[in-house]
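Undergrad: take a look and give me a structure for this.
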Amino acid sequence: MPVTLILGLRGNFYSEFNEAINPEVKIKFEKDLYGIQLSANKTNNIPTFRQRYNETSTTKPNPNLTMEKATNYSLSFFYQPVKSFSSNLSVFYNKITDRITYVRGDEGIGRYENFGKSSYKGADVSFSLKPADIFIVKPSYTYLIAKDDLTGKWLPCKPKHKVKIDFICNPTKNFSLTLNTLYVSRQFSRSDSNSRLEPECLK
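TA: Predicted coordinates for the structure are as follows:
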């Protein structure tokens, strides 16, 4: 049968944080040209040394940061009619506790903080095109709604729209050239959703 069931369990143990047990389940249906996958899992993320203790002219340390935990759900569709073209569409919903994010203060100096309860929901769509043997183009688009569940405010530094295009050239087996372009829409720089960062385009 073209159906695959995957069950997993991952345990993480730390010296300064509580242990984390993360289960995972995936159900995948595959045919020659397309596939569908439904997945659910739990994940955790601990703050880095830089987020807790590093101090710069624009960032204050926060040694009280705690581990963030998330429950993630996604439904994905794959389609590849020919070898030179493939596509992927995913819709997702993530519930996050104590999310770690950078927050800028009134004086322009910020620090990383934990948000009690927040959520991500949105969609990803991506393509891979190979017009020639040595050339690959990979465009993608992400639509994201990221909010603090307690206040209803948008999370800082999380753009609603993101467009990425990768241009890859492989003239030989041992040499590769890659150009990465990224555009993100305006985003809030503060947790009260009163200050926005302007759109930016990065290579």
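Undergrad: just the strands in the chain please.
TA: Taking DSSP state E to define them, one finds strands in the chain at 3-12, 20-30, 34-45, 68-82, 85-104, 110-132, 135-148, 161-172, 175-184, 187-188, 196-197, 200-202.
Undergrad: worst mean pLDDT among those strands?
TA: Among the strands of the chain, strand 200-202 carries the lowest mean pLDDT, a mean of 37.
Undergrad: and stretch 26-37, what's buried?
TA: In terms of neighbour count (16 or more other Cβ atoms under 10 Å), stretch 26-37 has its buried residues at K26, K28, G35, Q37. From N, CA and C alone the C-beta is placed, and that goes for glycine too.
Undergrad: got it, and stretch 10-26?
TA: Neighbour counts using 16+ other Cβ under 10 Å place A20, N22, K26 of stretch 10-26 among the buried residues.
Undergrad: D148 touches F115, doesn't it?
TA: Yes. Using Cβ atoms under 8 Å as the test, D148 is close enough to F115 to be in contact (5.5 Å).
Undergrad: biggest separation within the buried residues of stretch 26-37, which pair?
TA: Taking Cβ to Cβ as the measure, the buried residues of stretch 26-37 span a maximum distance of 11.7 Å, between K26 and G35.
Undergrad: who does the closest residue to L179 other than its chain neighbours bridge with?
TA: The spatially closest residue to L179, leaving aside those adjacent along the chain, is F167, at 4.3 Å (Cβ to Cβ, 6 or more residues apart in numbering). With DSSP bridges applied, F167 shows beta-bridge pairing to V137, L179.
Undergrad: how many neighbours does F167 have?
TA: If you count neighbours by other Cβ atoms under 10 Å, F167 ends up with 14.
Undergrad: and it, how close does it get to N174?
TA: The span separating F167 from N174 equals 19 Å under the rule Cβ to Cβ, to the nearest Å.
Undergrad: closest one to R52 among the strands of the chain?
TA: R52 lies closest, by Cβ to Cβ, to one member of these: strand 110-132, at 7.8 Å.
Undergrad: and the contacts of stretch 17-36?
TA: Under the criterion Cβ atoms under 8 Å, 6 or more residues apart in numbering, residues 2-13, 37-44, 46, 66-67, 69, 75-81 lie in contact with stretch 17-36.
Undergrad: got it, and stretch 71-88?
TA: Contacts for stretch 71-88 (Cβ under 8 Å, 6+ apart): 33-43, 89-95, 124-131.
Undergrad: hmm, which of these are the buried ones?
TA: Buried residues within the contacts of stretch 71-88, defined by neighbour count using 16+ other Cβ under 10 Å: 35, 37, 39, 41-43, 90, 92, 94-95, 124, 126-128, 130.
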